[in-house]
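# predicted structure and sequence below. I'll ask about it afterward.
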Amino acid sequence: MKKKISINLGANAFSDLIRGGYHYIDKSLFIRDFLRNPGQVNVITRPRGFGKSLNLSMLKSYLEIGANPVLFDGLAIQQEKELHDKHFGKYPVLRVSLASDDFSTFDQCLKRFSFTLQDLFAQNLSFLASSSRLGKISRARLEIFTNPPSVPNEAFLIMSLKAVTAMFYEHYGKPVVILIDDYDSMIAHAVPLELKKRIQDFLSGLFAPIFKGNRQVEFVVLTGCLWIANSANNEIASTVSHPRYADSFGLTEDELAKVLEALGLSHNLPAFQEWYGAYLIGGKRIYNTWSVMSYCNALLSNPTAVPKCYWANTSGSDILFDAFSKAESENALTDLERLVFAQPVRIALQNSISPGDFPNLSSILSLMVHSGYLTPCSPAGNEYRIPNKEVKAEFIKTALAWVKERAPEDLSAKVVSSIWNADTETIQNALSGFFTTQSSSENPPKHACNLLLLGLMNDGEITGTGETFITLANKSSKTAALELKKSYVLLYMLADALQGVMRIRERGAEKDLALSDYGAKAMHFGISFCMKKCLCLIESAVNPELIESAIGDMQAATWCIRQRIDKKSRLQASRRMRKLNQLPLLSDAPDSESALLVPPPPLLDAPDSESWFTGRESALEAFNYTLDHEKTNFNFELLLETTAKLVDDLNRLLIAERIGIEDRG
């Protein structure tokens, strides 16, 4: 008969799980690893859903006076005889949970903590009230805590944890073990950034009397998602970047396989790996306990249940949303988009974070690592990625909400409606206007453009994303595929947009693009971005004349670039571009070495935005102006290679288009 499933699913008490006969994954060697070298103050951080509360409850059950050895029957820790004799049932243990919901004022914070304090005394009041060992001061304090002020007082609350610790010490005559769960929760759930800083000061005042040389305290363990700087002194921190306790929180691959085998779900292993795994902690692949067991429960109830995001339900992502809202927009947006489109980002990881650091991009990315949004690509590297599909879904939801908040109220609906109506002019005008007003960069990076567009399309169902493409579906069974391109310079925009259309054609039959079910119904858009401008083409508008115009632009670009290469490199460049000169549509290209010395057309003032693509003379003018006036130091060799590739792609597209015309004829 299969065991019940209840790991971290509404019950975080170790004793309840064992007594109830529920399926328990043995993490008891965490007790051994901790007690071998405990510090005075120990901070253990892991993302949500990794079993921190359950492990803290287990530690309490092992250490507290009156501990029940039956709870540990058959567990690995039972073999540690020396450890058992030294520590089992030897300490008064005070466990406090600071778990909190969202709040927006400091008074609300004090009320939450006051309720926590009342619960703490309700659990321990009976034996303390009848204790003959408490002195007069402790009895007076106990009376105050029994009847707290109706309006929470900050000074009163700050001294509360020290006072209850003193009562425990007097009653038992032994130093107290203090376990504080979710110690960072109040900071994480405070909405304004300034409130986070004030709560940090409150917690520092609360913890300082028990952290600093207090002989009444044996040791302190704090668990949470973040190591908040200055919340304690001389603490030993074990974060996601440390190998200690790597396999004590979350599930290892072996543990996952055993759980699925015990439940008869081994055939679902690939889905678990894809959706809930891929965290790299201490060189080991670790899975999110909460999500794994939640999906196990779903499968036991319904064998056809599909994976979904359970992680988001364990807590909100306000801290991430607030942090990115305060970040320097362009850099943050670039890194966000890289992650959404499955590309890693480099991070100089900060293990301790203060709320005052949140507007700093490095701290924001570090926050994402510790919160579980990112994980290392390799044990020794400094590149990080989104770990799995579940986190990607939550990450995209948060990131897109942030992007959408920056957009005009009706812009998203306008863009999506224009996609379904194949109105390319409205799409490019709306996006160009958005970049003009929202981007501080003169030439927004490709990742910023992609993510902004992705965010604006959140009104539709995003059925697929890749490095440069998005697929979108609506309730009328329409599908749109959009290939996004970031152009080097304005002259390349038409060619890049056409290339985007061609790329969609080539990918159209691939299942991962979710287009194969729609076939001819799918609309194909090529969208290029450059200098806060957008050019949008739909496949039905592609024709040989348009492609020839783009190839003419590339011919003009080739000619301009070759003028600017070093004299020593000109001959080499000419040989490399010979293939271009032999193309049928490049008959007007310079065909002699002397042509390389011909000066470019005279430069005028900055070209008018309406004439970027009106005529070859204007195209040359615009390109020359860009090369002369852009702050970017162009790599002309790279531009030549890019131009050659574009012409090659455009000629293939031209051939396909002409064949299509002949077939239709």
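Looks like it arrived, so ask away. Numbering: from 1, shown residues only.

# which helix in the protein runs the most residues?
Counting by DSSP state H, the longest helix found in the chain is helix 636-664.

# how about it: buried residues?
Neighbour-count burial for helix 636-664, with 16 or more other CB atoms under 10 Å as criterion, is recorded at 636, 639-640, 642-644, 646-647, 649-651, 653-654, 657. Just so you know, the C-beta spots here come from the backbone N, C-alpha and C atoms, and that holds for glycine as well.

# and these, which is closest to residue 211?
Here the nearest of the buried residues of helix 636-664 to residue 211, counting by CB to CB, is residue 642; it sits at 58.5 Å.

# does the nearest residue in space to the closest one that is not next to it in sequence count as helix, strand or coil?
Excluding its sequence neighbours, the residue lying closest to residue 642 (CB to CB, 6 or more residues apart in numbering) is residue 488, at 6.3 Å. Of the three states, residue 488 takes coil according to DSSP: H, G, I helix; E, B strand; the rest coil.

# I'd say residue 488 and residue 640 touch.
No - look at residue 488 against residue 640 with CB atoms under 8 Å: they stay out of range, at 11.3 Å.

# tell me the mean pLDDT over stretch 144-154?
Within the predicted structure, the mean pLDDT of stretch 144-154 is 76.

# looking at this, residue 162 is in a helix?
Yes - residue state for residue 162 (three-state DSSP) corresponds to a helix.

# for it, give its distance to residue 348.
Separation of residue 162 from residue 348 (CB to CB, to the nearest Å): 37 Å.

# likewise for residue 639?
Applying CB to CB, the value for residue 639 to residue 348 is 32 Å.

# then residue 301?
When CB to CB is the yardstick, residue 301 and residue 348 sit 45 Å from each other.

# equivalent analysis for residue 56, please.
Remark: distance between residue 56 and residue 348 (CB to CB) = 31 Å.

# more neighbours: which of those two?
Counted by other CB atoms under 10 Å, residue 56 and residue 348 do not tie: residue 56 has more neighbours, with 23 against 8.

# the more buried one touches residue 181, doesn't it?
Yes - in this structure residue 56 lies within contact range of residue 181 using CB under 8 Å: 5.2 Å.

# now do the shared contacts for those two.
Shared contacts of residue 56 and residue 181, defined by CB atoms under 8 Å, 6 or more residues apart in numbering, comprise 95, 223.

# what helices or strands is the longest helix of the chain leaning on?
helix 493-507, helix 544-564, helix 567-576, helix 578-582 (3 or more CB pairs under 8 Å, 6 or more residues apart in numbering; DSSP states H and E).

# confidence score at residue 330?
As summarised for this prediction, residue 330 has a pLDDT of 48.

# actually residue 247, not the one I typed
Taken from the predicted model, the pLDDT recorded for residue 247 is 91.

# now do the SS call for the residue nearest to the spatial centre of the chain.
The geometric centre of the chain, computed from its C-alpha atoms, lies nearest to residue 373 (CA atoms, centre = their mean), at 3.7 Å. Following three-state DSSP, the label given to residue 373 is coil.

# that one touches residue 397, doesn't it?
No - the pair formed by residue 373 and residue 397 falls short of the contact definition of CB under 8 Å, at 11.5 Å.

# tell me the SS of residue 179?
Assigned by three-state DSSP, the conformation of residue 179 is strand.

# who's it bridged to?
In this entry, residue 179 is beta-bridged to residue 95, residue 221, by DSSP bridges.

# secondary structure element for residue 525?
strand 522-530 (DSSP states H and E).

# how about residue 398?
Counting by DSSP H and E, the element that carries residue 398 is helix 389-406.

# right, and the helix or strand after that helix?
Note on helix 389-406: by DSSP H and E, the next helix or strand toward the C-terminus is helix 411-420.

# go through that following helix and flag the buried ones.
Using 16+ other CB under 10 Å as the test for burial, helix 411-420 gives 411, 412, 414, 415, 416, 418, 419.

# pLDDT of stretch 111-120, averaged?
Along stretch 111-120, the predicted local confidence has a mean pLDDT of 82.

# buried ones in it?
Residues of stretch 111-120 classed as buried: 112, 113, 114, 116, 117, 120 (neighbour count, 16+ other CB under 10 Å).

# and stretch 540-548, by the same measure?
By neighbour count, and taking 16+ other CB under 10 Å as the criterion, the buried residues in stretch 540-548 are 542, 546, 547.

# surely the second one meets residue 498?
Yes - because the distance of 7.0 Å satisfies CB under 8 Å, residue 546 is recorded as touching residue 498.

# what touches both of those two?
By CB under 8 Å, 6+ apart, the residues touching both residue 546 and residue 498 are residue 537.
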